[in-house]
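[1] pasting the sequence and the predicted model now:
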Amino acid sequence: MTPGLVVIGELRDGRPTEASREAAGVAYQLAAGAPVTGLLFGSPEDSLTSSWARDGISEVCFLPPPTDAARQAGALIPGVLSVLSERSAELVLLPSTTFGRELAGGLAARWDAGAATGVTAIHRGAAGWEVRRPVFGGRATETRSLSGPRAVVALRPRAFPAPEPRDLPGASTQRSMPEVGAVAKGPTLVGTEPVLTGEGPALGDATIVVAGGRGVRSADQFHLIEELAAALDAAVGASRAVTDAGWRPTSLQVGQTGRTVTPQLYIAVGISGAIQHIVGMIGSRVIVAINSDASAPIFKVADYGIVGDLFQIVPALLAEIRRVRGR
Amino acid sequence: MEIAVCVKPVPDPETRLRPGPDQRTLDVEGVKFVLAGYDESAVEQALLLRDQLPGSTVRALAYGPAPRTPEVLRSCLALGCDSVTHLEASAPVDDPMAVAAALAHVLASRPADLVLVGKQALDDEEGLVAPALGALLERPSFSSVTDLRWNPERSRFTFQRSTDTEIERWEAPVPLVIGLQQAWNDPRTAKLPNILKARRQPIDTVPAATIEAAVAGRNGRSLPLKFELPAPRAGARMIDYSTPAEAAERLVRLLREEAKVFP
Ligand SMILES: Cc1cc2nc3c(=O)[nH]c(=O)nc-3n(C[C@H](O)[C@H](O)[C@H](O)COP(=O)(O)OP(=O)(O)OC[C@H]3O[C@@H](n4cnc5c(N)ncnc54)[C@H](O)[C@@H]3O)c2cc1C
């Protein structure tokens, strides 16, 4: 059997996430015709298998979905390792999300692999896999070589295109893997709250993020940011001034003590651009800033800037977006 | 409770970045290495927990070359850590999995109830050490953790973990490995008398040879090949307008036609 390429995916609403699809597309290209094994934690389902197959996965292995107590990487690793050894895997790709990064670190430790997270490009180099990744909050980029027989690479969501669906009916098979290993007794999940992003996509996963800061003035007026986000099918973000004031939950906070986001488009509204905020969004492809203060530091990192009162600019922008998008 | 906090010396956040002479890594000529970012929060959180739990001790560990590593450990002492351990290295340590293996080796010989790590380092942002430590020490490990508190009635920690879609609330007994996102407070700053006192406090060391022997069996490696700066952003293109509607129209057109990011 040729050394295998394995993609570990995440499911949301019964489908592989966009980031999991992107990982499948990357694996398909790297495999250059060799089969790619996909790994999901869930119950086998034909529709799942065939939808992931169109992204380039030739075989989907289903590991039992984690129980609440097993929602941590350590509990999942034994099952993953059994698939990797059966497939003589040499490279594992997975999304660089909270889940993916935890799994990457634990798995690489137990599998004796080189590892990298937040990766935005990968190819086979002279001495192993070469990966590129932003460092220092996106202020620099490094290239690393992952040498040794095995590597675990977590791919930054949105850094790779969604794969063009391939028409490969019936190309994929599915297998249900037995439960392996025991779950550590101890940690218990007491409860979950959804990250409040309204109707829009999850913050870490969004193509567009609209973020509001102290300039928005109040919890009530923050609705304006949410309306703008909704008009663009975007996720909502916030500066710490907003979450500290309790206008919105901390789960929306972008920055050093919040989330790091890397969307295609980041629109900062009434945000000054403190370094602790910048490090969380500088990796965005295009940055727009709307601020009444022409000397606000946010304009130093923005691609497009509008100096003006957000309470005038944002409603005008909403009207224009709705006009252009015809809704 | 014995609390271990693992920290990494990182370039001062104000450092002007540029590639070093070999183009492989950051130019560290004249760069000051400090405790920063999530590691600073991890130390703060360790100290807050110690104050809440009488009889606890906080030990800071760091793996790396002198002088940067002992300097950062001294700042941990100045902040109030009870003891510090320097895992010596003859050169900068660039491989997060090697860091995890070294720390796990030292922590295995003197286990802590709670191992705290910043969820990722300010420089390389890998976020691999906390989950790798969990796997190597065979303990539950959680990253992106906030609101870490000790519940004395239940003898357990409670904390939150943010995933992309959910905030999970957990309860867990020790031993435990935590990759911390945020402490309850912004990190404290060291007071001058404590900074002076820290200069005289001892630093435990584990010799480089011991560490190298412990991690030598590893096969997987990660080596930096190239360090690059992005083309500088030109600064924002400011949109001229006479009415808000005009500003909106121009911005939307630029996003559609020039940046091509309009949905
Ligand atoms: C350890 C530490 C960690 C931190 N972590 C984070 C973090 O993760 N994320 C984060 O965001 N911050 C973080 N901060 C805080 C950070 O330093 C800033 O204080 C914060 O980002 C400021 O938020 P802001 O830009 O919304 O508010 P401000 O700095 O007050 O800026 C408000 C802006 O709104 C503009 N404005 C006001 N009215 C209008 C109007 N009508 N129209 C248009 N513009 C208007 C103003 O010109 C101003 O630029 C951290 C700080 C520390 C010390």
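    Cool, got the structure.
[2] within the helices and strands, which one has residue A:38?
    Using DSSP states H and E, residue A:38 falls within strand A:36-41.
[3] tally of neighbours for the nearest residue in space to residue A:207 that is not next to it in sequence?
    Counting by CB to CB, 6 or more residues apart in numbering or on different chains, residue A:207 lies nearest to residue A:264, which is 5.0 Å off, once chain neighbours are set aside. Where you see a C-beta, it was placed from the backbone N, CA and C, and this is true even at glycine. Residues lying near residue A:264 (other CB atoms under 10 Å in any protein chain shown) number 17.
[4] in the helix or strand hosting residue A:226, what counts as buried?
    Per DSSP H and E: residue A:226 is located in helix A:223-231. Residues A:224, A:225, A:226, A:227, A:228, A:229, A:230, A:231 are the ones in helix A:223-231 that count as buried (16 or more other CB atoms under 10 Å in any protein chain shown).
[5] any idea how far chain B is from the residue in the stretch 1-150 of chain A that the ligand sits nearest to?
    Per CB to the nearest ligand atom, residue A:137 is where the stretch 1-150 of chain A lies closest to the ligand, at 11.0 Å. With the distance defined as CB to the nearest CB, to the nearest Å, residue A:137 ends up 7 Å from chain B.
[6] the residue nearest to that residue when sequence neighbours are not counted: how many residues sit nearby?
    In space, and not counting its chain neighbours, residue A:137 is closest to residue A:279: 3.3 Å by CB to CB, 6+ apart. As a burial measure, residue A:279 scores 22 neighbours (other CB under 10 Å).
[7] which residues does residue A:279 contact?
    Neighbouring residues of residue A:279 by CB atoms under 8 Å, 6 or more residues apart in numbering or on different chains: A:137, A:138, A:255, A:256, A:260.
[8] just give the nearest non-adjacent residue to the residue in the stretch 1-150 of chain A that chain B sits nearest to, would you?
    Proximity to chain B, evaluated over the stretch 1-150 of chain A using CB to the nearest CB, is greatest for residue A:105 at 3.1 Å. Spatial nearest neighbour of residue A:105, chain neighbours left out: residue B:131 (3.1 Å); criterion: CB to CB, 6+ apart.
[9] with residue B:166 instead?
    residue A:192 (4.6 Å).
[10] the residue nearest the centre of chain A and chain B, how far apart?
    The centroid of chain A falls nearest to residue A:157 when counting by CA atoms, centre = their mean (3.7 Å). As judged by CB to the nearest CB, residue A:157 and chain B stand 9 Å apart.
[11] and the longest helix seen in chain A, what does it pack onto?
    The longest helix of chain A (DSSP state H) is helix A:310-325. If you count contacts as 3 or more CB pairs under 8 Å, 6 or more residues apart in numbering or on different chains; DSSP states H and E, helix A:310-325 packs onto helix A:223-231, strand A:286-291, helix B:244-253.
[12] just to revisit the earlier point, pull out the buried residues from the helix or strand immediately after the strand holding residue A:38 in the chain.
    Sequence order places helix A:46-53 as the next helix or strand after strand A:36-41, per DSSP H and E. For helix A:46-53, burial by neighbour count (16+ other CB under 10 Å) applies to A:48, A:49, A:50, A:51, A:52, A:53.
[13] quick one, helices of the stretch 151-263 of chain B?
    Along the stretch 151-263 of chain B, the segments classed as helices by DSSP state H, counting those that start in this stretch run B:192-198, B:208-215, B:244-253.
[14] go through those helices and name the closest to residue B:144.
    For these, the distance to residue B:144 is smallest for helix B:208-215, at 26.4 Å, taking CB to CB.
[15] residue A:223: what's it in contact with?
    Per CB under 8 Å, 6+ apart, neighbours of residue A:223: none.
[16] tell me the pLDDT at it?
    pLDDT, residue A:223: 96.
[17] what's the answer for residue A:63, then?
    Here the pLDDT value assigned to residue A:63 is 89.
[18] ok, now residue B:162?
    For residue B:162, the pLDDT comes out at 85.
[19] which ones are touching it?
    If you count contacts by CB under 8 Å, 6+ apart, residue B:162 has them with A:98, A:195, A:251, A:259, B:144, B:146, B:168, B:181.
[20] quick check, the fourth one in contact with residue A:243.
    No - counting by CB atoms under 8 Å, residue A:243 is not a contact partner of residue A:259; they are 11.0 Å apart.
[21] who touches both of those two?
    residue A:253.
[22] more neighbours: these two, which one.
    residue A:259 (24 against 19).
[23] next, the contact list for the more buried one, please.
    When contacts are counted by CB under 8 Å, 6+ apart, residue A:259 touches A:203, A:204, A:237, A:253, A:280, B:162.
[24] now chain A, which segments are flagged as low pLDDT?
    A:1-3, A:168-172, A:179-185, A:195-200 (pLDDT under 70).
[25] that one - how does it break down into domains?
    Split into domains by automatic domain parsing, chain A comes to A:4-174, A:208-325.
[26] looking at those, which is closest to residue B:223?
    domain A:4-174 (4.9 Å).
[27] start and end of the closest one, how far apart?
    16 Å (CA to CA, to the nearest Å).
[28] where do the strands sit along the stretch 151-263 of chain B?
    B:156-162, B:166-172, B:176-180, B:204-206, B:221-228, B:237-238 (DSSP state E, counting those that start in this stretch).
[29] okay, the angle between the second one and strand B:176-180?
    Right, the one you point to is strand B:166-172. Angular relation of strand B:166-172 and strand B:176-180 on a 0 to 180 degree scale: 150 degrees, by axes from the mean of the first three to the mean of the last three CA atoms, to 10 degrees.
[30] may I have the beta-bridge partners of residue B:118?
    residue B:180 (DSSP bridges).
[31] quick check: it touching residue B:35?
    No - counting by CB under 8 Å, residue B:118 sits too far from residue B:35 to count as a contact (9.4 Å).
[32] what sits in contact with each of these two?
    residue B:7.
[33] who has more neighbours out of these two?
    residue B:118 (29 against 26).
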